[in-house]
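Engineer: with the sequence up front, the predicted model follows.
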Amino acid sequence: METSAVLADAEDRVVDEAVAELERRHTSDQASTPEMSRRHLRDLFELVVKCVHDDAVVPIIASSHQVASDRFAAGFDIREVQREFNVLEEVLWRHVAGTLSGDQRIETLELLSAVLGAGRDALARTYVALASGAGDSRDERSASSGDRDETAGADPAGTGGFAGGKLTSAISGRVGVITLGDQHRRNALSGELANGIVAALESLRSQEVRAVVLRAAEGMRVWSSGRDITELPRGRRDPLAYNDPLEELIRAVRTFPAPIIAMVHGSVWGGAFDLVLSCDMVIADETAMFAITPANLGLPYNTTGLLHFLGRLPINLIKELFFGAAPVDAQKAKEWLVINHLVEAAELEAFTLDLAATMASKSPLAITVIKEQLRVLNDYQPIAAQVYERIQGLRREAYDSSDYLEGLNAFAEKRQPVFRGT
């Protein structure tokens, strides 16, 4: 059954639950009556279903601009309007998790987060413009195409394009910002994109920035879809070798002499999760979702990558992530300490840049040596030669297996793999 139809069939139940949840969270600044809230939530629900059906965020961006203008003029606080978005997303999340399964559930959760996140972003931009007295100054290009100038607010002299225009870097004060903008490939970490990030980091290092923010372009519902699967070797060769572009990128992030902050809006998949954890800290909003998925491909993750996770998470949580390959939502990721700060989508950029600017105001020499000490201490995991060789032998059996080829073929053919353990 088509996903949008599954959602549409649950309209009354979802709206009722969302209204009840809003009532439970009633605060003194709430201006809507239950009847008004129900109407607003039903309109928003129907718009979300349309966006899911069309696989597009443009309708909710345009609508959110109008809603913001209307509600601002009527005296509504932005927090109340955002609360409707947040509550509806939570109820939809529970409904999808309990109704759908497999890839359909993951894709639907991903799309719902993107749709409602794009709506919240448009809502916040319009409210800010109106509150500042600038009038309805929304970016019409965003409403029509979903694109924007990723370097807004940064020093134009510090901007640059890398990886064939799939990412940009900019400098604001002493903070560098790298923006992944490969919309077509959902920021899949191809060799080109990974090398582009490394080049951007080297450029920012030469300009002596004191902190870096790594983010996806605004409007993208996927922060990164992970390592570009089409580039992985098809057996008889380690798919995660030392000189793989993703491995080189992660080393560049971990050894960069200044703090790197991952600013996460949207979902993070596979090797991109390793990249995010390798950043010095993670700031995310409620649309964030994390999954590490080598078990879906029959891919034996490398020991170095597992050590990155061991440096951040308890082993039982690592096993749950790797063995189940299921996405973890933002709230659980915050509880597991994957995320340093979980903030509202409307506040994500300002909060992250403010944190980066604070760090950039401190002693760069002290931060550089502290970061390197922590990396060395965290990486120091002595392994006997025979143990390492045994692990490598087990990994070789896995990536030489028919299961690994089945995982790659199933991914390319967009079907569920059938693993036989051979």
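Structural biologist: Great, that's in hand.

Engineer: tell me which element the closest residue to residue 68 other than its chain neighbours falls in.
Structural biologist: Leaving aside its chain neighbours, residue 68 sits nearest to residue 126 (3.7 Å; criterion: CB to CB, 6 or more residues apart in numbering). Every C-beta, even on glycine, is put in place using the N, C-alpha and C of the backbone. Assessed by DSSP states H and E, residue 126 sits inside helix 102-131.

Engineer: same question for residue 60.
Structural biologist: Residue 60 is part of helix 58-73, with elements assigned from DSSP H and E.

Engineer: can you name the next helix or strand after that helix?
Structural biologist: Downstream of helix 58-73, the first helix or strand assigned by DSSP H and E is helix 78-99.

Engineer: same for that following helix, what does it pack against?
Structural biologist: Helix 78-99 makes packing contacts with helix 3-9, helix 11-24, helix 34-54, helix 58-73, helix 102-131 when contacts are defined by 3 or more CB pairs under 8 Å, 6 or more residues apart in numbering; DSSP states H and E.

Engineer: average pLDDT across it?
Structural biologist: Averaged over helix 78-99, pLDDT sits at 84.

Engineer: just want the angle from it to helix 102-131.
Structural biologist: 180 degrees (axes from the mean of the first three to the mean of the last three CA atoms, to 10 degrees).

Engineer: just want the angle from helix 78-99 to helix 34-54.
Structural biologist: Going by the same axes, to 10 degrees, helix 78-99 makes 60 degrees with helix 34-54.

Engineer: could you list the buried residues of helix 78-99?
Structural biologist: 78, 80-93, 95-96, 99 (16 or more other CB atoms under 10 Å).

Engineer: repeat for stretch 59-79
Structural biologist: Within stretch 59-79, the residues that count as buried by 16+ other CB under 10 Å are 59-65, 67-69, 71-72, 76, 78.

Engineer: may I see those arranged in a markdown table, with distance to residue 364 as well?
Structural biologist: Formatted as a markdown table, these follow (distance: CB to CB, whole Å):
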| residue | distance to residue 364 |
| --- | --- |
| 59 | 46 |
| 60 | 42 |
| 61 | 39 |
| 62 | 44 |
| 63 | 45 |
| 64 | 40 |
| 65 | 41 |
| 67 | 44 |
| 68 | 40 |
| 69 | 44 |
| 71 | 44 |
| 72 | 42 |
| 76 | 44 |
| 78 | 37 |
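
Engineer: wait, which of those is closest to residue 420?
Structural biologist: The closest of the buried residues of stretch 59-79 to residue 420 turns out to be residue 60 (CB to CB; 43.3 Å).

Engineer: ok, the closest residue in space to that closest one that isn't next to it in sequence to residue 43 distance?
Structural biologist: Closest residue in space to residue 60, ignoring its immediate chain neighbours: residue 119 at 4.1 Å, by CB to CB, 6+ apart. Distance, residue 119 to residue 43, using CB to CB, to the nearest Å: 12 Å.

Engineer: just residue 321 next, same as before
Structural biologist: Residue 321 sits 37 Å away from residue 43 when distances are taken as CB to CB.

Engineer: between these two, which one's more packed in?
Structural biologist: More neighbours surround residue 321 than the other of residue 321 and residue 43, with 22 against 14 (other CB atoms under 10 Å).

Engineer: so residue 213 belongs to a strand, correct?
Structural biologist: Yes: counting by DSSP: H, G, I helix; E, B strand; the rest coil, one finds residue 213 located in a strand.

Engineer: my read: it touches residue 259, true?
Structural biologist: No: contact criterion CB atoms under 8 Å: residue 213 and residue 259 do not qualify, at 9.5 Å.

Engineer: please enumerate the shared neighbours of the two.
Structural biologist: The contact sets of residue 213 and residue 259 overlap at residue 356 (CB atoms under 8 Å, 6 or more residues apart in numbering).

Engineer: show me the contacts for the closest residue to residue 192 other than its chain neighbours.
Structural biologist: Among residues not flanking residue 192 along the chain, residue 163 sits closest, at 5.0 Å (CB to CB, 6+ apart). Contact partners of residue 163, counting by CB under 8 Å, 6+ apart, are 182, 192, 193, 195, 196, 197, 199.

Engineer: please apply the same query to residue 57.
Structural biologist: 51, 114, 115, 118, 119, 146, 219, 221.

Engineer: look up how far residue 204 lies from the last one.
Structural biologist: With distances taken as CB to CB, residue 221 is found 27 Å from residue 204.

Engineer: so these two - more neighbours on which side?
Structural biologist: For residue 221 and residue 204, the more surrounded residue by other CB under 10 Å is residue 204, and the numbers stand at 25 against 21.

Engineer: so what's the residue count around the residue nearest to residue 86 when sequence neighbours are not counted?
Structural biologist: Leaving out its chain neighbours, the residue that sits closest to residue 86 by CB to CB, 6+ apart is residue 286, at 6.6 Å. Per other CB under 10 Å, the neighbour tally for residue 286 reads 24.

Engineer: isn't residue 286 right up against residue 347?
Structural biologist: No: Residue 286 is beyond contact range of residue 347, at 11.0 Å (criterion: CB under 8 Å).

Engineer: which one of the helices and strands packed on helix 78-99 is the most hemmed in?
Structural biologist: Greatest average neighbour count among the helices and strands packed on helix 78-99 goes to helix 102-131 (a mean of 21), per mean count of other CB atoms under 10 Å.

Engineer: related to what we said a few turns ago, just want the angle from the helix holding residue 60 to helix 78-99.
Structural biologist: Going by the same axes, to 10 degrees, helix 58-73 makes 140 degrees with helix 78-99.
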